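1. Provided below for reference: sequence and predicted model.
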Amino acid sequence: MDSHEAIQDPSIRMAVENAVTQCDHYVLAEHFEDAARKMLVKVEEKKALLEQYEKIRLYGWQSHNLKSRTSVLIRKYEQAAQSNMRHASSQRQKAHEFEGQYLRHDSL
């Protein structure tokens, strides 16, 4: 999942593009961290489901299909969580840059 796929919501994409204040960047960082936490919850749910599929006696295409699709979802949610955390980190870095600017202006 690339960086553009992680920002599906047009309003969030616009907020990222228009963020100009330190507060804007902190709010976006919190949004992305929350999204990452939600993805990690889904990962755990799917892992538990996959574990149940391993215990159930399913045969043939049904077994393979359920396990395969669940494994794909686990990878997709893990990638989404990582992408969201990268976005959060980027937004926090931008917010911290504002602090550096204020310190430089105060010393002048």
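-> Everything's here; your move.

2. in the protein, where is pLDDT below threshold?
-> 1-7, 100-108 (pLDDT under 70).

3. in it, which spans are helices?
-> 3-6, 10-18, 22-55, 60-106 (DSSP state H).

4. same list (the ones you listed) but as CSV, adding mean neighbour count.
-> For glycine as for every other residue, the C-beta is placed from the backbone atoms N, C-alpha and C. Converted to CSV, the helices of the chain look like this (neighbours: other CB atoms under 10 Å):
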stretch, mean neighbour count
helix 3-6, 13
helix 10-18, 12
helix 22-55, 16
helix 60-106, 15
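
5. residue closest to the middle of the chain?
-> Closest to where the C-alpha atoms of the chain average out (CA atoms, centre = their mean) is Asn84, at 2.6 Å.

6. what about the closest residue to it other than its chain neighbours, distance to Tyr77?
-> Leaving aside its sequence neighbours, Asn84 sits nearest to Ala36 (CB to CB, 6 or more residues apart in numbering; 3.8 Å). In this structure, Ala36 and Tyr77 are 10 Å apart, going by CB to CB, to the nearest Å.

7. list the residues that contact the spatially closest residue to Ala80 that is not a sequence neighbour.
-> Nearest residue to Ala80, sequence neighbours excluded (CB to CB, 6+ apart): Met39, at 4.6 Å. Counting by CB atoms under 8 Å, 6 or more residues apart in numbering, Met39 touches Tyr77, Glu78, Ala80, Ala81, Asn84.

8. at 6 Å what do you get?
-> Tyr77, Ala80, Ala81 (CB atoms under 6 Å, 6 or more residues apart in numbering).

9. over to Leu50?
-> Leu50 is in contact with Thr70, counting by CB under 6 Å, 6+ apart.
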